[in-house]
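**Student:** Pasting the sequence and the predicted model now:
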4 protein chains.
Amino acid sequence: MPKLGMGPVRRRQLIDATIISIHEYGLADTTVTRIAKKAGVSPGIVHHYFADKDELLFETMRDMLENLRREAVDRFKRAKTPNQRLFAIIDASFSRQQFSPEVVTAWLALYASSRNSPRLARILSLYHRRLCSNLVSALKQIDPDENHHFQAEAIAALIDGLYLRAALNPDLHDMDSPRQLATRFVSQMLEQKNG
Amino acid sequence: MPKLGMGPVRRRQLIDATIISIHEYGLADTTVTRIAKKAGVSPGIVHHYFADKDELLFETMRDMLENLRREAVDRFKRAKTPNQRLFAIIDASFSRQQFSPEVVTAWLALYASSRNSPRLARILSLYHRRLCSNLVSALKQIDPDENHHFQAEAIAALIDGLYLRAALNPDLHDMDSPRQLATRFVSQMLEQKNG
Amino acid sequence: MPKLGMGPVRRRQLIDATIISIHEYGLADTTVTRIAKKAGVSPGIVHHYFADKDELLFETMRDMLENLRREAVDRFKRAKTPNQRLFAIIDASFSRQQFSPEVVTAWLALYASSRNSPRLARILSLYHRRLCSNLVSALKQIDPDENHHFQAEAIAALIDGLYLRAALNPDLHDMDSPRQLATRFVSQMLEQKNG
Amino acid sequence: MPKLGMGPVRRRQLIDATIISIHEYGLADTTVTRIAKKAGVSPGIVHHYFADKDELLFETMRDMLENLRREAVDRFKRAKTPNQRLFAIIDASFSRQQFSPEVVTAWLALYASSRNSPRLARILSLYHRRLCSNLVSALKQIDPDENHHFQAEAIAALIDGLYLRAALNPDLHDMDSPRQLATRFVSQMLEQKNG
DNA sequence: AATGAATGAGCCTTCATTCAT
DNA sequence: TATGAATGAAGGCTCATTCAT
């Protein structure tokens, strides 16, 4: 008998399985069959919920971006001061979830893929513009006179760079060190003016 | 006697073709046949010069790291002042060659692959430690009192991050903007103390 | 639900196709594609039922040994006298099935391959020890005083030798002549004592 | 400068290397390159001395048959009595050279190949007819009244069978046991009449 | 909704053979 | 005579995708 409303459940399972597979085997060796097995379903069913493998990967990336956005929004809401709002955005990138080995690997893989997938490139680019614009907004409230665009770009680059560096240390299961570096860096940047 | 000394020539051709293929098709769709065709040779000959595809990819990555190192060393030798030595290292990463679309794509692929290849992870990690240690040396000569390790890590992360951001903008064939951002960032970092 | 229980059917088809291919093209030119085509399936499906080509070949060999064993057991059960039991074992090797050109070719290939495959060598050796021990048992019941081990070895060698000779005569589609020779040979061996 | 008269030397080296390769890697994995390497020459030169790989294999088999024939002739010449002449033929098959692991493996491989190579089948068949006719001649001198053809076929089959059985025991570097069995078997066969 | 059997294209790799030197 | 670079055709195997059930 057909199970109803399995759509969202299966999609969730498959996306999670995709991330884990990318981490475990690498994107190149992440096959539909492997994903299905990890999700506990048959290979055939994958194409019931995703048009093809590409779409599954794309939706996986979109899901990751959405998770990141949600974490930023959550922190943002709880922030009281302009300064806290700025660090809410930054801290989201260094959350426990975002820094889990699986997610780090998937981010890197999808970034790399984006160079040959206009679709991936588009949503990544969109996200980055939004990140920068959010950073600019926050910075503006802290100090209206600075060159916010420059600062925002620098902060965004720093975050991505720390991500990359963290990815190089497979043993680094800890996001504190990079976050502290980012925090300290941004603090200095802000103090500079006032110094 | 046969055609002698073709080894270095073919290896060069194949490595170059590999980088271009990665850029053009993506690492996942970079096949030995495509590489060979781009190098103007038959598919079979590839295994005459490289044990297998993995080795070709690995040597390609090693070659890229070596190129980067060479560019840094060249600039370093021509530097006169401590400040120039610091920027020699930074500028190397933003050279025309390093910032060509092909090389940027390949770098991203390299980073992503390293998560599933201990071999790649090792040489990348080695390179990064060397980069940081060079930055620390240069920073020490500029201002003996600073926390050089922190600064070096920040600079290294910023460089990588700008690379990533550049990779997201496929239209950005120009390395000036990221380099200027890096330069300005580092300048401010140095001035801060003296300010 | 999918087509279920195809496993045994396909495995049977593929093993049969393998034997025919070995006969038709030789082991060296027996490709997975040819086997598949002869079995009426696609090349890809072969690896659904056998881990790799080696396993298919191994299972083919095992199947042949099992067929031979079954024929011997069948004849053995129908035998009434000790003498009949002895000839039951011998006759099994000269059954219509065992002496078909395809099976003869495959046997030869199996023997030859065993020299470079410990796995094959093991099951062949096992089979031969069992054959000898069966021969010894039968011989013992006929004449308790003889040197049964010597006799058994001689009979076993003769059977194999006649197989080889038959293989050399591609025209020899008939197993009567070798069987008669074996029968006569063994009869004389038994009479010798009593004569 | 061209070396003259290298033909026979090279052909010898290559045939020897072929036999060793078949033993070491199996016929299926005996490549021209491997043979050449084992012979200490370049892969290309093989086709200077043999039209193609098939011919090299064919010549190898012919060489093995010739060696066997020579051993038989040598022993035959030294034989004094009819009985000795019969055992000269038999013993040749169990000489140290013929029973070396390499030669046993090569014999088996080439026997198996003969099923798909009319050329190989022809010279093998020819050799066997000659062997039988020689056995018949020898048997005739011992006892003019027997059924020589039957006896010759039985002896020939036994020899081949013992070869096969010996091939199954990779540890069996010793030809004594099979030869003794053959000797004893033939002796009994001859005594039977006189008993 | 779900299975897993089945397909067929394509990938990496090997190899007999040829050829320029 | 001899080399080893080079070719190109398969071969084994994998995999996204489809389909009967």
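**Tutor:** All right, it came through fine. Numbers count the residues shown, from 1 in each chain, chains lettered A, B, ... in the order given.
**Student:** Report whether the worst-scoring helix or strand of chain A on mean pLDDT contacts chain B.
**Tutor:** When each helix and strand of chain A is scored by mean pLDDT, DSSP states H and E, helix A:176-194 comes last, with a mean of 81. Yes. Interface with chain B: helix A:176-194 contributes A:178, A:181, A:184, A:185, A:188, A:189, A:192 (C-beta under 8 Å from any C-beta of the partner chain). Yep, even glycine has a C-beta here, placed from its N, CA and C like the rest.
**Student:** List just the nearest of those to residue D:167.
**Tutor:** Proximity to residue D:167 was ranked across the residues of helix A:176-194 next to chain B by C-beta to C-beta; first place goes to residue A:178, at 65.3 Å.
**Student:** Retrieve the pLDDT associated with the closest residue to that closest one other than its chain neighbours.
**Tutor:** Among residues not flanking residue A:178 along the chain, residue A:162 sits closest, at 4.1 Å (C-beta to C-beta, 6 or more residues apart in numbering or on different chains). Per-residue pLDDT puts residue A:162 at 91.
**Student:** hang on, isn't residue A:162 packed against residue A:184?
**Tutor:** No. Here residue A:162 does not reach residue A:184: they are 11.7 Å apart, not a contact under C-beta atoms under 8 Å.
**Student:** Can you list the helices and strands that the least confident helix or strand of chain A packs against?
**Tutor:** Packing partners of helix A:176-194 (3 or more C-beta pairs under 8 Å, 6 or more residues apart in numbering or on different chains; DSSP states H and E): helix A:82-93, helix A:148-168, helix B:148-168, helix B:176-194.
**Student:** List the buried residues in the second one.
**Tutor:** So the one you mean is helix A:148-168. A:148, A:150-168 (16 or more other C-beta atoms under 10 Å in any protein chain shown).
**Student:** Next, the angle helix A:82-93 makes with it.
**Tutor:** 30 degrees (axes from the mean of the first three to the mean of the last three C-alpha atoms, to 10 degrees).
**Student:** Figure out how far helix A:148-168 is from the centre of its chain.
**Tutor:** Relative to its chain's centre, helix A:148-168 lies at 13 Å (C-alpha atoms, centre = their mean, to the nearest Å).
**Student:** next one: the first one
**Tutor:** Here the centre of mass of C-alpha atoms in helix A:82-93, compared against the chain's by C-alpha atoms, centre = their mean, lies 15 Å away.
**Student:** Quickly check: the helix or strand just after that helix near DNA strand F or not.
**Tutor:** Later in the chain than helix A:82-93, the nearest helix or strand by DSSP states H and E is helix A:101-114. No. Helix A:101-114 does not reach DNA strand F (C-beta under 7 Å from any atom of the strand); its nearest approach is 13.3 Å.
**Student:** Which strands or helices does helix A:101-114 pack on?
**Tutor:** helix A:7-25, helix A:53-78, helix A:118-142, helix A:148-168, helix B:101-114, helix B:148-168.
**Student:** The fifth one: which residues count as buried?
**Tutor:** It refers to helix B:101-114. For helix B:101-114, by 16+ other C-beta under 10 Å, it's B:101, B:103-114.
**Student:** Just the mean pLDDT for it, thanks.
**Tutor:** Helix B:101-114 shows a mean pLDDT of 93.
**Student:** tell me the angle of that helix relative to helix B:6-25?
**Tutor:** Using the same axes, to 10 degrees: helix B:101-114 against helix B:6-25 is 90 degrees.
**Student:** Residues contacting helix B:101-114, please?
**Tutor:** The contact list for helix B:101-114 (C-beta atoms under 8 Å, 6 or more residues apart in numbering or on different chains) reads A:26-28, A:108-109, A:111-112, A:115-116, A:164, A:167-168, B:19-20, B:22-23, B:26-27, B:57, B:60-61, B:64, B:97-98, B:120-121, B:124, B:163-164, B:166-167, B:170, B:173.
**Student:** Check the burial of the residue nearest to residue A:48 when sequence neighbours are not counted by counting its neighbours.
**Tutor:** Using C-beta to C-beta, 6+ apart and skipping the chain neighbours, the partner closest in space to residue A:48 is residue A:10 (7.8 Å). Residue A:10 has 18 neighbours, counted by other C-beta atoms under 10 Å in any protein chain shown.
**Student:** how near is residue A:10 to residue C:135?
**Tutor:** The gap separating residue A:10 from residue C:135 is 62 Å, by C-beta to C-beta, to the nearest Å.
**Student:** Could you do residue A:130 as well?
**Tutor:** Separation of residue A:130 from residue C:135 (C-beta to C-beta): 84 Å.
**Student:** Which one's more surrounded, these two?
**Tutor:** For residue A:130 versus residue C:135, the count of surrounding residues by other C-beta under 10 Å is larger for residue C:135: 24 against 13.
**Student:** quick one, what contacts the residue lying closest to the more buried one once chain neighbours are set aside?
**Tutor:** Distance criterion C-beta to C-beta, 6+ apart; nearest residue to residue C:135, sequence neighbours excluded, is residue C:152 at 3.8 Å. By C-beta under 8 Å, 6+ apart, the residues touching residue C:152 are C:132, C:133, C:135, C:136, C:139.
**Student:** now do residue A:132
**Tutor:** Residue A:132 makes contacts with A:149, A:152, A:153, A:156, as judged by C-beta under 8 Å, 6+ apart.
**Student:** Closest one of those residues to residue A:71?
**Tutor:** For the contacts of residue A:132, the nearest to residue A:71 is residue A:156 (16.0 Å; C-beta to C-beta).
**Student:** which stretches of chain A aren't confidently modelled?
**Tutor:** Counting by pLDDT under 70, chain A shows low-confidence ranges at A:1-5, A:170-176, A:193-195.
**Student:** Kindly state the domain boundaries assigned to it.
**Tutor:** Domains of chain A are assigned by automatic domain parsing as A:1-50, A:60-194.
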